[in-house]
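Novice: only geometry, no sequence info:
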């Protein structure tokens, strides 16, 4: 379970290292150019996104790395150097049709209103070029108890009560959500309904273990399960 990354970190920017970019899919007539940008939570969307590229005629570039929340540079992030290069590429290089951004809610500063402003500051000049910014709200957090539940004697994927309460799962504010309102044309994709009901967020969803650790990384298997719904939501958000 912990090792179920499905290649999400094959093109990873290590802490303090320069920008690294990898491309997936083929460019042909009518291909939509898409970028994925963010930290390890964004990286875990990559295994699923790769399964949807051909069907949607997308060519995807990934910019994912340690602490690489897409915020204004100079905020003290371990990814500041790489993020400056990424920002330059997004604002002065070939224009992307869509940039998909996500990130861990708990890995940013405690002042979430400030974090939202720093997100918006980075996104705005890219949106002004005509690139559609699609923000994927961070997935729910998972408690130690909920994850340990899947290791107990007698655990069954098809019959279990391993879950995190919605109160705990969303206890930390997701600054991505408020940033969307600050950038004209940005769109929010919130997949909460695929993770949770009104009271709890199960660890097992559709007979698949959804999380691989207690810091909220989804598994590679669940990334692929979720991908059709994620991509259809992105397509709807981009018109």
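Specialist: All right, it came through fine. The structure presented is a predicted model; accordingly, all values stated were derived computationally and were not measured.
Novice: where along the chain do the strands fall?
Specialist: In the chain, strands defined by DSSP state E lie at 12-13, 22-24, 32-38, 58-65, 98-102, 132-136, 163-165, 187-189, 200-202, 204-205, 208-209, listed in chain order.
Novice: what's the pLDDT at the spatially most central residue of the chain?
Specialist: A centroid search over the chain (CA atoms, centre = their mean) returns residue 42, at 2.9 Å, as the residue closest to the centre. Each residue has a pLDDT score; the one for residue 42 is 97.
Novice: and residue 23, how many neighbours?
Specialist: Neighbourhood size, residue 23 [other CB atoms under 10 Å]: 13. C-betas here are computed from N, CA, C, even on glycine.
Novice: Find the nearest non-adjacent residue to it, please.
Specialist: residue 61 (5.2 Å; CB to CB, 6 or more residues apart in numbering).
Novice: and if you look at residue 147?
Specialist: With CB to CB, 6+ apart as the measure, residue 214 is the residue that lies nearest to residue 147, at 5.4 Å, once sequence neighbours are left out.
Novice: distance of the one you found from residue 141?
Specialist: 8 Å (CB to CB, to the nearest Å).
Novice: Neighbour count: those two, which is higher?
Specialist: A direct count of neighbours by other CB under 10 Å for residue 214 and residue 141 places residue 141 higher, at 20 against 15.
Novice: my guess is that one contacts residue 167, does it?
Specialist: No. Applying CB atoms under 8 Å, one finds residue 141 not in contact with residue 167, separated by 10.6 Å.
Novice: and for the longest helix seen in the chain, what are the contacting residues?
Specialist: The helix that spans the most residues within the chain, counting by DSSP state H, is helix 220-238. Residues outside helix 220-238 that contact it (CB atoms under 8 Å, 6 or more residues apart in numbering): 4-8, 44-49, 51-52, 56, 97-98, 100, 132, 134, 136, 187-189, 191, 194, 205-206, 208-212, 218.
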